[in-house]
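K.L.:
I'll drop the sequence and a predicted model, then ask my questions.
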Amino acid sequence: MTNATESTPPAPAAEPEQAAGLRAMVGRNVRQSGMLVALLLAVVFFQLTTGGVMLKSLNVTNIFLQNGYILVMALGMLLIIVIGHIDLSVGSVAGFLGAVAAILMVKVGLDPLLGVALTLIAGGLIGVWQGFWVAYLRVPSFIVTLAGMLLFRGATLWILGGQPVGPFAESFRAISSGFIPEIIGKVGDPFGASEITLLTMGKWALVLPLGGGPLNLTTLLLGIVLSGVLVLLTWRARAEQVKYGFSVPSMRQFWLRNALLIVGVMFIAYRLAGYKGLPMVALIAFILIAFYMFLTTRTVIGRRIYAVGGNAKAAMLSGVNSKRMVFLTFVNMGVLAALGGLIISARLNSATPNSGYGFELDIIAATFVGGASAYGGVGTVAGTVIGALFFGTLNIGMGTMSIPIDYQFAIKALVLLVAVYFDVRNKNKEG
Amino acid sequence: MSDVLLEMRGITKEFPGVKALKEVSFSVRPGEIHALVGENGAGKSTLMKVVSGVYPYGTYDGQFLFKGEECRFHNIRESEHKGIVIIHQELALVPHLSITENIFLANEQATRGVINWSLSHAKAIELLKKVGLNETPDTKISHLGVGKQQLVEIAKALSKNVELLILDEPTSSLNENDSQALLQLLREFRSHGIACVLISHKLKEVESVADTITVLRDGAVIESLDATTGDVTEDRIIRGMVGRDMTHRYPPRESNVGEVLLEVRNWKVRHPVYDDQMVINDVSINVRAGEVVGIAGLMGAGRTEFAMSLFGRSYGHFVSGQVLKNGQEIDVSTIPKAVANGLAYATEDRKTYGLVLMNDVKTNITMAHLEGVSNRGVLIPPKEIAVANEFRTALNIKTPSVKQITVNLSGGNQQKVVLSKWLFANPDVLILDEPTRGIDVGAKYEIYTIINRLVAEGKAIIIISSELPEVLGVSDRIYVMAAGRIAAEMPAAEATQESIMKAIMRLARAGAEEVLL
């Protein structure tokens, strides 16, 4: 990102925004863009080191299949961290609710739709329980959710009797391993049936991520629609800024950024289309991402969550019901943990006593790496998505490179440390 | 020793987009009290942060000498080592530690890491005697009032063998007595050869205590006045600060007082922690439409506590009392209800209670009334920006844009953002708690003008202020509060500083007799 701006005609009331304001704005976005750059570098790195396996259609699809639940739950975690709390129990809660779903659908034999609905409600109730302790009884969330982590792990073991429960009905499994139905048809890949290798150097190979199986047209079409919508939205936002005399990136920058965005979206759509199309779990995640982007930036509730996280006392004295806001973020987390649990169970095709174990760490890490502040009040949905995808890429890339699991843990740990270090450093610069 | 203790030459300090100091030259003689005055954002604090190493060597241009030696401080430790100690506006004490522990924080009286407590206590007692603080050294800081905490800070500075003491707005949160005691202490230090730089907005104090007064405006030194001769008046200083004569400190207002708008009857509130303490004891007040009612009193009289307990019971345990608006009893038991009933409370502590500092101006302005910029819970950004710009113009908030983060605004402009927030909520009764604390003369005048505009619209204003001239200058009617009670009520036209102080003392005496009986 550069500092070049197109100064707008001065509006009568507002003088044009000065350079300092713009720099602050860029500064705020820089970490998010920084993470995006890091994500792209990681992808390129793995593309080279895995001899082109990283960006194969199957692998791109797998990133979504294997990380869908992390993404979903990270959205809930974002709100909790923004409001100034933490939830250590998501992994256990997701495991427990996955088990509840298994009991309901496999043992009791409920219809999957009803089972899913009841599980989501149960998630909401767990959120009510934890939110009540945190918001109204004022026990620190760290403690409440630490207790929840143990409580729901125990509860999982108890209701499963220590044994995995499964398998699920095929219709239920579709939410984690299914794909959207192909309603238009397929066409052959214009780049041919096999991928194009430019050159190889020993273990490394420069493989262009093009070519592969026949393309699912519905997925491609959805990619085009999404691109169009994104361009339209950013265009409207820009026009609004201009109208109020704020400085905006120049037209060239605007289109450059949008071009990159379209290339990104279309590339992912193209790769997904080359396998079996858009996975259901990715569709769910995309819908939730859009919803939470809207919630955080455009709604009164979202605004209040950020206000409470930024300065709880000032928010309270402005008439914001801080307690209720904290309570609601926990209820929201409970429902998303239920969804995460459902996806995990569907993916494994059984609920196991250990499922969800340690997931809270991946989820919290993704949120922080995505730019949320450990002090509350700061964090974006886009950042969280990038953070989650970054960890997903790291997992799959390292797995494909056959890096031993012990190294994998250490590498992820260092990534988390470095990312949060940058957060703290930026904070100090601002203050 | 030379006749100059500190000499600064051509100091220039730039922040992104702003030149905070422009070629400033400034010198302090040994053993003098040197006042540094200027409007907010004039560069006073910035200059002192250069001296004390808060802004390390290399982040500014120019040079300075202390006791004839050039200084290149990289942090505060280095400047303290030389004998320069700065006491910031926000006190830097640890509330849960004792006086002794705070005085020797980071300077522990220890041998090989083991603290010698007897030595620490002995030294602390000696230091407390020097600053005239009559407390045992193992008292926790949280048990002390602001005035006494200030003295602990000074004791801490003395423990570092200070030669130049820098005080940034030391009296802004002190009451009259504590302020006087503090100034007396500075005079004593002067006689012991300790020089002092005093940053203050209270020009009366500056006039009475300073030997030299340096006026800063827009990052440059305007003049240095010799105050020992006695012909430097408050008005003279103000002229230097704002660059013109201020004929009226308080804008004139046509009084247009209507019917009683809000009435509080027999308000009683207990302390939030100590349940046997009645903090507000049977307070009854009223305020009329178009009227400014002042609440005068000393620090700790219960004024803020009263206002906050009224505003959605945000302080203490409510015991009993009624609130009537236009003769009808209203429910103010929660903040949203109080706001819905047309009450607003603009806090005395804008940074802690008033603003979300990391959010921008527009977000803060709309925070108390998001309904006004949203439709069914969905925000309408253009409307929000329009509202914010409207207030920016109306209240003359100096900011590059309404998207500026509020932490970057000066105190006066932050206060205007807090005011805007409540004006946008459109209350009928606005309680202003110390609305001009720590802000400069020009911004004060603007705030008084806003108050006048509001009462002209028929709103009722309750203003709480520790500065008696301010209460006298802006109010139509004054309640005097002391020890959680109303000590007196008087029309502002008949009130004087003396009559207010007398009322406080009378109640204090009566209280003492009650205890004796």
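P.N.:
Great, that's in hand.

K.L.:
need the helix or strand of chain A with the lowest average pLDDT.
P.N.:
The helix or strand of chain A with the lowest confidence, counting by mean pLDDT, DSSP states H and E, is strand A:5-6 at a mean of 38.

K.L.:
which stretches of the stretch 301-431 of chain A have low pLDDT?
P.N.:
Residues of the stretch 301-431 of chain A that meet the criterion pLDDT under 70 lie in A:423, A:426-431.

K.L.:
So what touches the helix or strand hosting B:Thr100?
P.N.:
With the criterion set as DSSP states H and E, the secondary-structure element containing B:Thr100 is helix B:99-103. Residues external to helix B:99-103 that are found in contact with it (C-beta atoms under 8 Å, 6 or more residues apart in numbering or on different chains): B:93-94, B:117, B:120-121, B:123-124, B:127-128, B:135-139, B:141, B:144, B:152, B:155-156, B:159. The way it works is simple: take the backbone N, C-alpha and C, and place the C-beta from them, glycine included.

K.L.:
Also stretch B:182-199?
P.N.:
B:5-6, B:28-37, B:44-45, B:48, B:51, B:131-132, B:147, B:150-151, B:154, B:162-171, B:174, B:205-206, B:208-211.

K.L.:
again, only using 7 Å
P.N.:
With contact meaning C-beta atoms under 7 Å, 6 or more residues apart in numbering or on different chains, stretch B:182-199 is reached by B:5, B:28-36, B:44-45, B:48, B:131-132, B:150, B:154, B:162-171, B:174, B:205-206, B:208-210.

K.L.:
and it, which residues are buried?
P.N.:
Across stretch B:182-199, burial judged by 16 or more other C-beta atoms under 10 Å in any protein chain shown covers B:Leu182, B:Leu183, B:Leu185, B:Leu186, B:Phe189, B:Arg190, B:Ile194, B:Ala195, B:Cys196, B:Val197, B:Leu198, B:Ile199.

K.L.:
Need the distance between the two termini of it.
P.N.:
Counting by C-alpha to C-alpha, to the nearest Å, you get 14 Å between the two ends of stretch B:182-199.

K.L.:
for it, what is the average pLDDT?
P.N.:
Along stretch B:182-199, the predicted local confidence has a mean pLDDT of 90.

K.L.:
Stretch B:451-467 now?
P.N.:
According to the model, stretch B:451-467 has a mean pLDDT of 92.

K.L.:
What residues of it count as buried?
P.N.:
B:451-452, B:454-455, B:459-467.

K.L.:
With stretch A:131-138 instead?
P.N.:
Taking 16+ other C-beta under 10 Å as the basis for neighbour counts, the residues of stretch A:131-138 that come out buried are A:Gly131, A:Phe132, A:Trp133, A:Val134, A:Ala135.

K.L.:
what's the second one in contact with, if anything?
P.N.:
This means A:Phe132. Contacts of A:Phe132 were listed using C-beta under 7 Å, 6+ apart, and they are A:Phe327.

K.L.:
helix, strand or coil for it?
P.N.:
Secondary structure of A:Phe132, reduced to three states by DSSP: H, G, I helix; E, B strand; the rest coil: helix.

K.L.:
if I look at A:Ala269, how far off is chain B?
P.N.:
Taken as C-beta to the nearest C-beta, to the nearest Å, the spacing of A:Ala269 relative to chain B amounts to 29 Å.

K.L.:
Give me the three-state assignment for the nearest residue to that residue once chain neighbours are set aside.
P.N.:
With C-beta to C-beta, 6 or more residues apart in numbering or on different chains as the criterion, A:Ala269 has its nearest non-adjacent residue at 2.6 Å, and that residue is A:Gly223. Reducing the assignment at A:Gly223 to three states with three-state DSSP gives helix.

K.L.:
show me what contacts A:Gly223?
P.N.:
Residues touching A:Gly223, when contacts are defined by C-beta under 7 Å, 6+ apart, comprise A:Val265, A:Met266, A:Ala269.

K.L.:
Let me know the pLDDT of it.
P.N.:
94.

K.L.:
Distance-wise, check it relative to A:Val229.
P.N.:
Taking C-beta to C-beta, to the nearest Å as the measure, A:Gly223 falls 11 Å from A:Val229.

K.L.:
one step back: including pLDDT and distance to B:Ser309, could the buried residues of stretch A:131-138 go into TSV?
P.N.:
Compiled in TSV, the buried residues of stretch A:131-138 are given as follows (pLDDT from 0 to 100; distance: C-beta to C-beta, whole Å):
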residue	pLDDT	distance to B:Ser309
A:Gly131	97	28
A:Phe132	97	27
A:Trp133	97	28
A:Val134	97	26
A:Ala135	96	23
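
K.L.:
that's a helix at B:Gly265, yeah?
P.N.:
Not quite, residue B:265 is Arg, not Gly. No. According to three-state DSSP, the state of B:Arg265 is strand, so it is not within a helix.

K.L.:
Now the buried members of the contacts of helix B:99-103.
P.N.:
B:93, B:120-121, B:123-124, B:127-128, B:137, B:139, B:141, B:144, B:152, B:155-156, B:159.

K.L.:
In helices, which of those residues appear?
P.N.:
With helices taken from DSSP state H, the overlap with the buried ones among the contacts of helix B:99-103 comprises B:Ser120, B:His121, B:Lys123, B:Ala124, B:Leu127, B:Leu128, B:Val152, B:Ala155, B:Lys156.

K.L.:
Closest one to A:Val43 out of those, please.
P.N.:
B:Lys156 (54.6 Å; C-beta to C-beta).

K.L.:
Next one: the nearest residue to that closest one once chain neighbours are set aside from B:Gln89, what distance?
P.N.:
Leaving aside its chain neighbours, B:Lys156 sits nearest to B:Ile103 (4.7 Å; criterion: C-beta to C-beta, 6+ apart). Counting by C-beta to C-beta, the gap between B:Ile103 and B:Gln89 amounts to 20 Å.

K.L.:
can you check A:Ala122 too?
P.N.:
Computed with C-beta to C-beta, the distance linking A:Ala122 and B:Gln89 is 52 Å.
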